[in-house]
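> Quick one, structure for this:
(chains A and B)
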There are 2 protein chains.
Amino acid sequence: MDGAMIARVVRSAITRVSTGIADQEEPTPPRVAMVVDVSDANFIGGFIPAIVEKQKHPYSRPEFLYFTEEETALSADQSVRPVICPKQPDKMPLYAGYAEVVNAGKTVENEDQACAKVLSLMQQGSEAEEAAEVGNSRSQTTDRRPSDEDALMGIELESSTDESANGQCRAEAVLFGIYDGHAGSGAALMAAKCLHEHVKSRLSEVLEALLQLDRQESYVLARRRSESAYSITGSEGSNPGSLPRITSESLVIGALEAAFVDMDEQIAEEKQHWKIPGGCATICVLVILGKIYVANAGDCRAILATAGETRPMSGDHTPATERKRLQAMAFRHPELIGASFSRLEYSRCLAKKDLRRKVLYRDWFMDGWASKTVRETDLRPPMISDRLRKKRLLHTIGVSRGLGDHHLLTADDKLAIKPFLSPVPEVQVLAIRSLLSVTSLDVVIVASDGLWDVLTNEDAARIVRSALSSSDEADPSRYTQAAQELVAAARGNPGDHYRWTMNVGGPASTDDITAFVIPLKHALAPLQNGDDEDDDLLSLDS
Amino acid sequence: MDGAMIARVVRSAITRVSTGIADQEEPTPPRVAMVVDVSDANFIGGFIPAIVEKQKHPYSRPEFLYFTEEETALSADQSVRPVICPKQPDKMPLYAGYAEVVNAGKTVENEDQACAKVLSLMQQGSEAEEAAEVGNSRSQTTDRRPSDEDALMGIELESSTDESANGQCRAEAVLFGIYDGHAGSGAALMAAKCLHEHVKSRLSEVLEALLQLDRQESYVLARRRSESAYSITGSEGSNPGSLPRITSESLVIGALEAAFVDMDEQIAEEKQHWKIPGGCATICVLVILGKIYVANAGDCRAILATAGETRPMSGDHTPATERKRLQAMAFRHPELIGASFSRLEYSRCLAKKDLRRKVLYRDWFMDGWASKTVRETDLRPPMISDRLRKKRLLHTIGVSRGLGDHHLLTADDKLAIKPFLSPVPEVQVLAIRSLLSVTSLDVVIVASDGLWDVLTNEDAARIVRSALSSSDEADPSRYTQAAQELVAAARGNPGDHYRWTMNVGGPASTDDITAFVIPLKHALAPLQNGDDEDDDLLSLDS
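Model prediction:
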């Protein structure tokens, strides 16, 4: 099925019954069921102009599954919805668990994508970098090192490191990503194939400073611990002059922020030449130097699940949670909503009979509510309103950050959606060593909204804890088994009329569902991932 | 001294020695001292075009001081810097303490202003309000009540209240405000005289709903307490359909947010006809229905100081704390900084020799730092930079929210500053009853940045605690005495060359300093303020 056909199917998903793979094997599902399915989508029927027709990345499942075409086709059976796992869980970076399941007919393909990559980082000395920039004038610049990198941070760094003695320094990191596509799978496919390269490139640019700062911070931390009975020497927080204090964490955060924006720009550029339909909510979990960074743009979610606590590691970005930002955009650029929508949020639905009555409202700058008299312009639909069980922006999209969507327009008035969407992630950090203890039961769970629509954070943590408790400590597939149970719980069991029901009762998720279960224990020693010495698995026990 | 002269004096404050009252009595202070003084200001020399010359509100000190012209002149003695307090502390709303001191020569007048007002709130029934709107068609609308106000909140309210039986409901609130002016005292004077009217008007508009919700929430809270041994009945958080849940707090927050924006618009409008020089950082403390609301726009600050804890009740808004918002503005509207400034923040100062070298930077979307190669445009001064010990926007202003400043331009390029400034307050709430206990030692301290520049939150809390502990419980002036000690500590003692030194050593504040000390105990029973029955003071003891 080519990209154009995918787009056509999506465009008509609300009014037409499903087509494609499912249809060829199953009777046409009733229209009511389709509407229920669609209600879980982030996108319900904007207009996507066809600019070019060639698709750079054909539809596929994540690389680490090593699927044949036949297996890919089987994974897409929307009546069975098999829970898919990696064939070789012991080859997954950090022994992370993974599972996915296709939607129940909302779209013909699984629009979730994923990646799991070991990033081998390398920075050449700044001399070399500058030489590349300066070209023949290199000889004029050689007297700058090593003070250059040092001076830029306003912090006294060690003059040189072992790694940079030969002009290079190296480190390894691991990146897990989930890309929940909508309105086509092009952006999600491309992000799954390219975002980690942007992260790698941005991290490599600052690697020398990152490693030096990390070593320096560890030293200060260790010294402070050994001196804890005495007063602090003030070495931390001392900020000579007014130069900003830069930490190793802030360099990783900056790399992730810049990489997301780089990725979105790459999609925009390549859209000139390739067909890259749709957009995608994007979440990345980066493991580097004993810390876990979660960068999120959209409504995927990561949580920390340890024996003692369940804690969110990301916040959802939806028209509900980002109301003020979206309204502010419409306030500064009223042409973005034209005369089709009202910028305000109201305390109730307004109709003609409400004219000149009082209503409570919130504008872009308000957390609270105030009163106003209803005028004609207030009778326009609000720019953020409830459609099919979700708050949606301009009647179209239920997620407010992510990558892609550059050509998405509203169905009626062809208003551009992209100016409202942000590719900027929010980044949260967990220093694994800051936890009191780390056991093999402690994990970060990352999943697309297909899972979180039907499971609470506590539900998910409980399912994973239960699965891990009953599995063999030495089994490298135990985290994949946990991910499998998690996804199976959210998918539930098939019932009549394409409804799926959870084991505990109530409707299950009919959306695409994707989940990683990342063990903290192995994240402490990322360089040991993926090798065949199973004994290492046990020797890491704390 | 007329407004034009004030503006002229401010414009030349950096390069000329001080003029005006202080000069007539004292020898000219040395130029070095002047620079130190100016470094505490929020404004260091933009351009203020004179549009009109008439000043609506002539310079004065706060109403509640009841000062004669002679007393006002004495209060402005910049060599003595007397600490000024209300003559009748027992007439202050809630027996709140107040003290102020003029700057050491930075400007010829005290640019801080303050207000303390009892607001008598009254809402006519929505029938009457609508009648005023609808005019002659009133008879068509009378069948709407009382369901109108009820329905607008999506919450089942009591059908009617005692207060609204005669079409009116009433309540009292108390508002304290500090308005820290810069580049002239016009905006601060006008805000001190008008902002409380906007707050009163916005609160009155929602008063009926506010009182009903407050009663309903108190009932639920009381019932939940009495049922605490049993399971919660789910009466809280139940949100029929997807209508937003509106609380009494959210109505007060909305009233404050809207009132600040109303006030800023009023200044803009009246600037067409009156001379209203300058702008002002603004903080308001509103006491209503047993809760304290702090609305802050700028770098004034409120803290809660109880026996057990010291907690900030507001966040400062400066170019340093609002970097991302200000950079985002320049990103979306590059013409606002033109070719005069660079949008980025850099890890170090850049000079010509840095061209093509690497530097760390942060852009509008970044909490972290990334690396880039320095280009010609990076050599422009950053839009937020250090000038005279403060981060300043476009080399001009050290505060990023507040009222006024509509005509403020940069000195060199005449770039408008106002588009970057926001009149929107951030509101924090304290339910007094949520504290474990309330004694007469528990207060909210509010002060202009003149105080916070030299005292930490803990310093201020300690000084007030100490003053209150040694004062007589029945003395209605005890909170004013505490405010006086607080302001005196920040002002310190005069030394050579117009330097002022704190008792504990180190430079004291040479800025205008204003502080309220608001007792929580009396805030629980706001209707009793200002009466002459001193016994009430004791009977409120908890």
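
> and A:Ala209, which of the three is it?
With DSSP: H, G, I helix; E, B strand; the rest coil as the basis, the three-state label of A:Ala209 is helix.

> quick one: least confident helix or strand in chain A?
When each helix and strand of chain A is scored by mean pLDDT, DSSP states H and E, helix A:31-38 comes last, with a mean of 29.

> What's the first helix or strand after that helix?
helix A:69-75 (DSSP states H and E).

> List the buried residues of that following helix.
For helix A:69-75, burial by neighbour count (16 or more other CB atoms under 10 Å in any protein chain shown) applies to A:Thr72, A:Ser75. The way it works is simple: take the backbone N, C-alpha and C, and place the C-beta from them, glycine included.

> Equivalent analysis for stretch A:485-492, please.
By neighbour count, with 16+ other CB under 10 Å as the criterion, the buried positions of stretch A:485-492 are A:Glu485, A:Leu486, A:Val487, A:Ala488, A:Ala489, A:Ala490, A:Arg491, A:Gly492.

> In the stretch 301-450 of chain A, what residue lies closest to chain B?
Residue nearest to chain B within the stretch 301-450 of chain A (CB to the nearest CB): A:Gly368, separated by 2.9 Å.

> all helices for the stretch 151-300 of chain A, in order.
A:186-205, A:207-226, A:248-270 (DSSP state H, counting those that start in this stretch).

> And the longest one, what does it pack against?
Which is helix A:248-270. helix A:186-205, helix A:207-226, strand A:279-288, strand A:291-297, strand A:403-404, strand A:426-431, strand B:358-362, strand B:370-373 (3 or more CB pairs under 8 Å, 6 or more residues apart in numbering or on different chains; DSSP states H and E).

> Please state the offset of it from the chain centre?
Put simply, helix A:248-270 sits 13 Å off its chain's centre (CA atoms, centre = their mean, to the nearest Å).

> I'd like to know which of the helices and strands packed on helix A:248-270 is closest to B:Val438.
Closest to B:Val438 of the helices and strands packed on helix A:248-270, according to CB to CB: strand A:426-431, at 36.7 Å.

> For the closest one, buried residues please.
If you call a residue buried by 16+ other CB under 10 Å, then strand A:426-431 has these buried ones: A:Glu426, A:Val427, A:Gln428, A:Val429, A:Leu430.

> Among those, name the ones that also lie close to chain B.
A:Val427 (CB under 8 Å from any CB of the partner chain).

> okay, the buried residues of strand A:426-431 in TSV with distance to B:Val446 and pLDDT next?
Listed next are these as TSV, based on distance: CB to CB, whole Å; pLDDT from 0 to 100:
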residue	distance to B:Val446	pLDDT
A:Glu426	32	98
A:Val427	35	98
A:Gln428	33	98
A:Val429	35	98
A:Leu430	37	97
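
> need the helices for the stretch 351-500 of chain A, in chain order.
Going by DSSP H, counting those that start in this stretch, the stretch 351-500 of chain A shows helices at A:449-452, A:457-469, A:478-491.

> ok so, going back, please tabulate the buried residues of strand A:426-431 in TSV, including the columns distance to B:Pro476.
Converted to TSV, those look like this (distance: CB to CB, whole Å):
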residue	distance to B:Pro476
A:Glu426	50
A:Val427	52
A:Gln428	50
A:Val429	51
A:Leu430	53
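
> Identify, from the buried residues of strand A:426-431, the entry nearest to B:Glu109.
Looking across the buried residues of strand A:426-431 and measuring by CB to CB, the closest to B:Glu109 is A:Glu426, at 44.9 Å.

> so where's the stretch 101-250 of chain A shaky on pLDDT?
In the predicted model, the stretch 101-250 of chain A carries pLDDT under 70 at residues A:124-167, A:227-244.

> Kindly recompute the last result at 50.
A:127-165, A:229-241 (pLDDT under 50).

> How much space separates the closest residue to A:Leu430 other than its chain neighbours from chain B?
In this structure, A:Leu430 finds its nearest non-sequential neighbour in A:Ile292, 4.5 Å apart by CB to CB, 6 or more residues apart in numbering or on different chains. Using CB to the nearest CB, to the nearest Å, A:Ile292 is found at 15 Å from chain B.

> wait, what's in contact with A:Ile292?
A:Ile292 is in contact with A:Val285, A:Leu286, A:Met313, A:Val429, A:Leu430, A:Ile432, A:Val444, A:Ile518, A:Leu520, A:Ala523, counting by CB atoms under 8 Å, 6 or more residues apart in numbering or on different chains.

> Bridged to the closest residue to A:Phe176 other than its chain neighbours, which residues?
With sequence-adjacent residues excluded and distances taken as CB to CB, 6+ apart, A:Phe176 is closest to A:Val285, at 4.5 Å. Here A:Val285 shows beta-bridge partners A:Phe176, A:Val294, assigned using DSSP bridges.

> tally of neighbours for A:Val285?
27 (other CB atoms under 10 Å in any protein chain shown).

> do the one 10 residues further on as well
Residue neighbour count, defined by other CB under 10 Å, stands at 27 for A:Ala295.

> what does the one 4 residues further on give?
In terms of burial, A:Asp299 registers 25 neighbours under the definition other CB under 10 Å.

> Can you give me the distance of it to chain B?
A:Asp299 is 17 Å from chain B, by CB to the nearest CB.

> do the same with A:Ala483
In terms of CB to the nearest CB, A:Ala483 sits 30 Å off from chain B.

> give the contact list for that residue.
Taking CB under 8 Å, 6+ apart, we find A:Ala483 in contact with A:Cys85, A:Gly97, A:Tyr98, A:Ala99, A:Val464, A:Ala515, A:Phe516, A:Val517.

> Any chance of those residues in TSV with pLDDT as columns?
Putting the contacts of A:Ala483 into TSV (pLDDT from 0 to 100) gives the following:
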residue	pLDDT
A:Cys85	96
A:Gly97	98
A:Tyr98	98
A:Ala99	98
A:Val464	98
A:Ala515	98
A:Phe516	98
A:Val517	98
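
> Pull the most distant pair out of the residues you listed.
Maximum distance among the contacts of A:Ala483 (CB to CB): 14.4 Å, for A:Cys85 and A:Val464.

> if you count what's nearby, which of those two comes out ahead?
Shown here are A:Cys85 and A:Val464; by other CB under 10 Å, A:Val464 has more neighbours (26 against 19).

> so that one makes contact with A:Leu486?
Yes. Using CB atoms under 8 Å, A:Val464 is in contact with A:Leu486, at 5.9 Å.

> Find residues that contact each of these two.
A:Ile445, A:Val517.

> rewinding a little: mind checking the helices and strands packed on helix A:248-270 for the one nearest to A:Pro62?
Proximity to A:Pro62, assessed across these by CB to CB, is greatest for helix A:186-205 (6.7 Å).

> So is that closest one next to chain B?
Yes. Residues of helix A:186-205 contacting chain B under CB under 8 Å from any CB: A:Arg202, A:Glu205.

> which residue packs closest to the residue most central in space within chain A, ignoring adjacent ones?
The C-alpha lying nearest the average C-alpha coordinate of chain A belongs to A:Ile283 (CA atoms, centre = their mean; 1.1 Å). Nearest non-adjacent residue to A:Ile283, counting by CB to CB, 6+ apart: A:Cys300, 3.8 Å away.

> ok, the one you found to chain B distance?
Taken as CB to the nearest CB, the span from A:Cys300 to chain B is 19 Å.

> wait, doesn't that residue sit right on A:Asp449?
Yes. With contact defined as CB under 8 Å, A:Cys300 reaches A:Asp449; the gap is 6.3 Å.

> Looking at these two, which is more packed in?
Per other CB under 10 Å, whichever of A:Cys300 and A:Asp449 has more neighbours is A:Cys300, with 31 against 28.

> on that earlier part again, let's have the helices of the stretch 351-500 of chain A in JSON lines, adding distance to A:Gln123.
JSON lines is the format used below for the helices of the stretch 351-500 of chain A (distance: least, CB to CB, whole Å):
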{"stretch": "helix A:449-452", "distance to A:Gln123": "36"}
{"stretch": "helix A:457-469", "distance to A:Gln123": "36"}
{"stretch": "helix A:478-491", "distance to A:Gln123": "32"}
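
> Out of these, which is closest to B:Pro93?
helix A:457-469 (45.9 Å).
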